[in-house]
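Student: dropping the sequence and predicted coords here.
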Amino acid sequence: MKIAILGGTGPEGSGLGLRWALAGHQVVIGSRQMEKGQQVAAELQAQAPAAAANLSGMDNLSALEGADVAVLSVPYSGQERTLAGLQEALAGKLLLTIVVPLGEKAARVWRPPSGLAAAEEAARQLGEGARVVAAFQNIAAHHLADPEHVIDCDVLICGDDKADKQVVIELCAAAGMRGVDAGLLQNASVVEGLTAVLIGINIRHKIKHAGLRITGI
Ligand SMILES: NC(=O)c1ccc[n+]([C@@H]2O[C@H](COP(=O)([O-])OP(=O)(O)OC[C@H]3O[C@@H](n4cnc5c(N)ncnc54)[C@H](OP(=O)(O)O)[C@@H]3O)[C@@H](O)[C@H]2O)c1
């Protein structure tokens, strides 16, 4: 697949991009500035020469050209503006959002004032026909950076379309994780909130990698 990572210059998007490129996907690191996207792509190429041909960097809009999947990897504060500028280019595309809305105190669950999940807000903004799936909210960037590191976590996946969620389950596997269908997009509210819970656990236990496993499947 060709995967465009909007805001892929940050630690979460670049870590996922590196893993997907190593798994054989074409990954474009998107940025508000083309040079920054190119620079981060070059750094990832240097880190993983075997996947260099699968990595490139561009501005967010150019990154979307021909992409099968778009990944929204910007802070929640930049979500609305980012989507507004890319609405046409995103039409009909699967948008995988990894965005977590966090308040001033990151270890306390904070919800957007709309009462919706950030992922639902994205779907509403994109309008009819939007294909939004939420995943990776609970996977710390710390886990992703080293592609050799085995991630002892499951990925909860929320979305309204089974086929789109199946694509994301495959992307979880490509990044070295098990994806678990966690229901409709409205459930993303809880999944997004769980990140604050994990941040609090990290702080109290002085660790960087608290994660979730679903048992019984
Ligand atoms: N870090 C984690 O451990 C983690 C874990 C799970 C989920 N997440 C979520 O995943 C998303 C990405 O995480 P991250 O840590 O990689 O984020 P980040 O470093 O704060 O931001 C990612 C990229 O977004 C762009 N950006 C920053 N502010 C922006 C704005 N106001 N408007 C538009 N673009 C903006 C920047 O790219 P350019 O300057 O190149 O445009 C930046 O490199 C966030 O929503 C975060 O909550 C993070």
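Tutor: Everything's here; your move. Residues are numbered from 1 along each chain as shown.

Student: ok, and the closest non-adjacent residue to G127?
Tutor: Nearest residue to G127, sequence neighbours excluded (Cβ to Cβ, 6 or more residues apart in numbering): Q87, at 8.0 Å. Yep, even glycine has a C-beta here, placed from its N, CA and C like the rest.

Student: remind me which helix or strand that neighbour belongs to.
Tutor: Taking DSSP states H and E as the criterion, Q87 maps to helix 79-90.

Student: helix, strand, or coil at M58?
Tutor: Following DSSP: H, G, I helix; E, B strand; the rest coil, the label given to M58 is strand.

Student: and the protein, which residues reach the ligand?
Tutor: Within reach of the ligand by Cβ under 6 Å from any ligand atom, the chain has these residues: 7, 9-13, 31-32, 36, 73-78, 81-82, 98-100, 137, 139-141.

Student: now with 5 Å?
Tutor: Residues of the chain lying close to the ligand (Cβ under 5 Å from any ligand atom) are 7, 9-12, 31-32, 36, 73-75, 78, 82, 98-100, 140-141.

Student: surely E121 forms part of a strand?
Tutor: No. Counting by three-state DSSP, E121 falls outside a strand, being helix.

Student: ranges for the strands of the chain?
Tutor: Along the chain, the stretches classed as strands by DSSP state E are 2-6, 26-31, 55-59, 69-72, 94-97, 131-134, 154-159, 178-181.

Student: can you give the contact residues for the last one?
Tutor: For strand 178-181, contacts defined as Cβ atoms under 8 Å, 6 or more residues apart in numbering pick out 135, 154-157, 162, 165, 168-173, 214, 217.

Student: which of those count as buried?
Tutor: Those of these that meet the buried threshold are 135, 154-157, 165, 168-169, 171-172, by 16 or more other Cβ atoms under 10 Å.

Student: PyMOL command for the buried members of the residues of the chain next to the ligand?
Tutor: Command for PyMOL, covering only those of the residues of the chain next to the ligand found buried under the criterion 16+ other Cβ under 10 Å:
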select buried, resi 7+9+10+12+31+32+36+73+74+82+98+99+100+140
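
Student: residues in contact with the helix or strand of the chain with the lowest mean pLDDT?
Tutor: When each helix and strand of the chain is scored by mean pLDDT, DSSP states H and E, helix 141-144 comes last, with a mean of 94. Helix 141-144 is contacted from outside by 10-12, 15-16, 18-19, 149, 151, 153, 175, 208-209, 211, using Cβ under 8 Å, 6+ apart.

Student: min pLDDT across the residues you listed, which one?
Tutor: Lowest pLDDT among the contacts of helix 141-144: H209, with 86.

Student: what about that one, distance to A141?
Tutor: Distance from H209 to A141, counting by Cβ to Cβ, to the nearest Å: 10 Å.

Student: now the strands of the chain in TSV, with mean pLDDT?
Tutor: Below are the strands of the chain laid out as TSV (pLDDT from 0 to 100):
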stretch	mean pLDDT
strand 2-6	98
strand 26-31	98
strand 55-59	98
strand 69-72	98
strand 94-97	98
strand 131-134	98
strand 154-159	98
strand 178-181	98
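
Student: that concludes my questions; thank you for your assistance.
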